[in-house]
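Trainee: Make a model of this:
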Amino acid sequence: TTRYAESFNAVFTESPFEGGYDYKIGTSENGTKSIEEPGFAIPKFGHLLIVLGGVDGIEDCVENDDELGMSSSEAAKLFDLWLNVCPSQGSRTIRTEE
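Mentor: Next up is the predicted model:
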C-alpha cells in the first residue's frame, strides 16, 4: 500500500498501524548495507515501511523537515536498515523501477 503523508515526519508518526511500523528501511546511495552482501536478508516483520528518496534523496527530506530537527547526516537514525539498493550505480539518481 502506498500512503500520502503531509511531511516527512508524518511518514513515521501517522502510521495506520497501532504501534507504528516494526521495521523501517530507508534507501540511499549512502546506505551502510547492500542487497549484494552475502547473506543479506530482511527479518520477519508485521508492518514494514520502505522509504524511497526523491531526486535529492532521503537526506534532503530529513534536512528540510523542521519537525524532525535533524541534519541530513542523521537520516539513517530513522531506520532499522539504511540500504543501498544499487551499490554500483553509475549516475547520481536511479529510477525506482530500476
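Trainee: Next one: Glu18, what pLDDT does it get?
Mentor: According to the per-residue confidence, Glu18 scores 92 in pLDDT.
Trainee: no, scratch that, I was asking about Thr32
Mentor: With respect to pLDDT, Thr32 has a value of 85.
Trainee: Next: Thr96.
Mentor: Looking at Thr96, its pLDDT reads 55.
Trainee: got it, and Glu37?
Mentor: 88.
Trainee: quick check, distance from stretch 73-81 to the centre of its chain.
Mentor: Averaged C-alpha coordinates place stretch 73-81 at 8 Å from its chain's average position (Cα atoms, centre = their mean, to the nearest Å).
Trainee: What residues of that stretch count as buried?
Mentor: Along stretch 73-81, these residues count as buried under the neighbour rule (16 or more other Cβ atoms under 10 Å): 75-76, 78-81. Where C-beta positions appear, they are placed from N, C-alpha and C, glycine not excepted.
Trainee: Now do the same for the most centrally placed residue in the chain: helix, strand or coil?
Mentor: Against the mean C-alpha coordinate of the chain, by Cα atoms, centre = their mean, the closest residue is Gly26 at 1.7 Å. Counting by DSSP: H, G, I helix; E, B strand; the rest coil, the backbone at Gly26 sits in strand.
Trainee: what about the helices in this protein?
Mentor: When assigned using DSSP state H, the helices of the chain occupy the ranges 8-13, 57-63.
Trainee: Distance to Lys44 and mean pLDDT added to these, as JSON lines?
Mentor: Conversion of the helices of the chain to JSON lines gives the following (distance: least, Cβ to Cβ, whole Å; pLDDT from 0 to 100):
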{"stretch": "helix 8-13", "distance to Lys44": "21", "mean pLDDT": "93"}
{"stretch": "helix 57-63", "distance to Lys44": "24", "mean pLDDT": "92"}
